[in-house]
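Visitor: I need the structure of the sequence given here:
(one chain, ligands or ions: 4)
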Amino acid sequence: MSILSVVPAGVVTGDNLRKLLNYAKEHKFAIPSFNCTSTSTVNAALEAARDAKSPVMIQFSNGGGAYFAGKGLDNKDQTASIIGSVAGAQYVRAVAKAYGIPVILHSDHCAKKLLPWFDGMLAADEAYFKLHGEPLFSSHMLDLSEEPKEENIEICVKYLKRMAPMKLLLEMEIGITGGEEDGVNNEDVDNAALYTQPEDIWDIYREFSKITDLFTIAAAFGNVHGVYKPGNVKLHPELLGKHQEFVKGKLGTADSKPVFFVFHGGSGSTAEEIKTAVEFGVIKMNIDTDTQFAYWMGLRDFYESKKAYLQSQIGNPEGADKPNKKYYDPRVFIREAEKGMIKRVHQAFKELGSANTL
Ligand SMILES: O=C(CO)COP(=O)(O)O
Ligand SMILES: O=C[C@H](O)COP(=O)(O)O
Ligand SMILES: [Zn+2]
Ligand SMILES: [Zn+2]
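Guide: Ligands and ions are numbered 1, 2, ... in the order given. Purely as a prediction, here's the structure:
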């Protein structure tokens with residue numbers, strides 16, 4: 001049985017989203033989630049997914065959403081981030097089905113100070129739900145990992161109650177992802193905070209389960225956003241196995257992987273680390289930095305190879321009067337950036353085991 005016999009192509013939400021995540025869990029693969037900031041990066045992710053025969057997740061960060069709407073737009077009270085994330089979601093909805101693949105539409109880290117952004121997206125979900133019987137997005141992330149655990153859980157539960165009637169999934173974070181996110185610098189946080197404890201996972205699981213099963217946990221196992229020279233923070237994906245065992249014991253279930261885990265900071269991780277994480281119940285891995293670099297490399301390589309054609313509107317090595325329009329047309333050079341990103345996206349499907357599952 002392939003995925004497309006379980007869920008349809010296009011944006012999947014609610015029951016179909018649950019089916020897709022369970023399918024990934026049963027078949028021991030994870031779905032990559034790419035941070036997108038434009039129609040160009042969305043298209044690159046969708047094109048690669050179609051060609052790799054894989055489901056895919058598209059996510060907008062707070063800054064990525066604002067960028068989608070335009071850097072010239074004022075982001076006072078999160079207006080640009082709300083408008084851009086909603087516009088991005090509507091764009092994905094408009095094209096996803098044409099690519100013939102299931103797409104999960106998600107929003108990334110939302111810290112406490114960014115809750116107005118979350119509220120704005122939820123309002124758009126509710127409006128969409130009234131018209132179509134499903135939310136605009138498939139899922140959203142709340143990242144209250146900087147707050148005390150009790151408060152983190154309390155705020156998540158409050159939002160889960162608003163999301164559950166729409167069958168909108170919540171991703172939450174416990175423990176801290178190192179590196180940088182949304183301009184918050186986590187490069188010097190206490191090492192222990194970078195590794196979540198099993199008891200914390202159970203506290204979350206227990207409270208959330210009272211409301212819905214549509215939630216995922218981004219537990220910290222030494223994850224870092226960005227790519228850095230190897231340092232003292234080491235990735236320990238095997239810790240996720242301990243969390244699964246602990247929750248399994250508490251539940252007394254036969255299911256050896258009751259928790260859906262999310263892997264943040266996918267860039268720069270080794271194939272082996274990714275494999276171990278998937279083995280212990282990761283069903284989603286975020287990738288941003290590596291696709292950013294791949295997009296840039298596509299453009300850089302194009303510029304380097306066509307440099308002599310890109311200096312003036314007229315005149316290149318083929319003649320002083322030759323026009324260069326077909327080199328400086330953004331559809332040409334941005335396409336080269338997309339090709340760079342597409343290559344890196346393919347690598348993610350392969351490493352996560354989601355290629356050829358449709
Ligand atoms: O976790 C991420 C987005 O939430 C992506 O992390 P990287 O930029 O390290 O791939
Ligand atoms: O949090 C991590 C993501 O990579 C988002 O990054 P960003 O805030 O630069 O868009
Ligand atoms: Zn975080
Ligand atoms: Zn992240």
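Visitor: How about the residues of the stretch 101-250 of the chain by ligand 1?
Guide: Residues of the stretch 101-250 of the chain lying close to ligand 1 by Cβ under 6 Å from any ligand atom are 108, 109, 225, 226. C-betas here are computed from N, CA, C, even on glycine.
Visitor: now do 5 Å
Guide: 108, 225 (Cβ under 5 Å from any ligand atom).
Visitor: Could I get the full set of strands for the chain?
Guide: Along the chain, counting by DSSP state E, strands occupy 10-11, 31-35, 56-60, 102-107, 139-142, 169-174, 178-181, 184-186, 215-219, 224-225, 261-263, 282-287, 314-316, 319-323.
Visitor: export the fifth one as PDB, just CAs?
Guide: Once non-C-alpha atoms are left out, strand 139-142 reads as follows in PDB (Å, rounded to 0.1, in the frame of the first residue of the first chain):
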ATOM      1  CA  SER A 139      -0.200  22.400  12.000                       C
ATOM      2  CA  HIS A 140       1.500  25.100  13.900                       C
ATOM      3  CA  MET A 141       4.400  25.100  16.300                       C
ATOM      4  CA  LEU A 142       4.500  26.800  19.700                       C
END
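Visitor: who touches residue 17 in this structure?
Guide: Counting by Cβ atoms under 8 Å, 6 or more residues apart in numbering, residue 17 touches 104, 138, 139, 167, 169, 214.
Visitor: Go through the residues you listed and name the one nearest ligand 3.
Guide: Of all the contacts of residue 17, ligand 3 sits closest to residue 139, with 16.2 Å by Cβ to the ion.
Visitor: Tell me, how many residues neighbour the closest one?
Guide: 24 (other Cβ atoms under 10 Å).
Visitor: who are the neighbours in contact with it?
Guide: Contacts of residue 139 by Cβ under 8 Å, 6+ apart are 17, 104, 105, 106, 107, 168, 169, 170, 171, 214, 216.
Visitor: Adding pLDDT, write those out as TSV.
Guide: Shown next, in TSV, are the contacts of residue 139 (pLDDT from 0 to 100):
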residue	pLDDT
17	98
104	99
105	98
106	99
107	99
168	98
169	99
170	99
171	99
214	98
216	99
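Visitor: now the helices for the stretch 1-150 of the chain?
Guide: Assigned by DSSP state H, counting those that start in this stretch, the helices in the stretch 1-150 of the chain fall at 14-26, 39-52, 62-69, 79-95, 115-132, 149-163.
Visitor: Residue 249: which of those is closest?
Guide: helix 14-26 (18.7 Å; Cβ to Cβ).
Visitor: Now that closest one: buried residues?
Guide: Buried residues in helix 14-26, counting neighbours by 16 or more other Cβ atoms under 10 Å, are found at 14, 16, 17, 18, 20, 21, 23, 24, 25.
Visitor: Show me which helix runs longest in this structure.
Guide: Ranked by residue count, the top helix of the chain under DSSP state H comes out as helix 330-352.
Visitor: shaky segments in this structure?
Guide: Residues of the chain meeting the criterion pLDDT under 70: 181-184, 191.
Visitor: give me that answer again for 80
Guide: 1, 178-193, 231-233 (pLDDT under 80).
Visitor: Find the closest residue to ligand 1 in the stretch 51-200 of the chain.
Guide: The nearest approach of the stretch 51-200 of the chain to ligand 1 comes at residue 108, 4.7 Å away (Cβ to the nearest ligand atom).
Visitor: quick one, what contacts the nearest residue to residue 206 once chain neighbours are set aside?
Guide: Excluding the flanking residues, the one nearest residue 206 by Cβ to Cβ, 6 or more residues apart in numbering is residue 250, at 7.4 Å. Residues near residue 250 by Cβ under 8 Å, 6+ apart: 202, 205, 206.
Visitor: Next, count neighbours for the second one.
Guide: For residue 205, the count of nearby residues is 19 (other Cβ under 10 Å).
Visitor: Which residues are in contact with the residue nearest to it when sequence neighbours are not counted?
Guide: Excluding the flanking residues, the one nearest residue 205 by Cβ to Cβ, 6+ apart is residue 247, at 5.4 Å. Neighbouring residues of residue 247 by Cβ under 8 Å, 6+ apart: 198, 201, 202, 205, 258, 259.
Visitor: now, which of those residues sits nearest residue 56?
Guide: residue 259 (22.3 Å).
Visitor: coming back round to it: same for ligand 2: which of the contacts of residue 139 are within range?
Guide: Of the contacts of residue 139, not one also sits near ligand 2 (Cβ under 5 Å from any ligand atom).
Visitor: follow-up on the earlier one: which elements pack onto the longest helix of the chain?
Guide: strand 31-35, helix 39-52, helix 271-279, strand 282-287, helix 289-305 (3 or more Cβ pairs under 8 Å, 6 or more residues apart in numbering; DSSP states H and E).
Visitor: Done for today, thanks.
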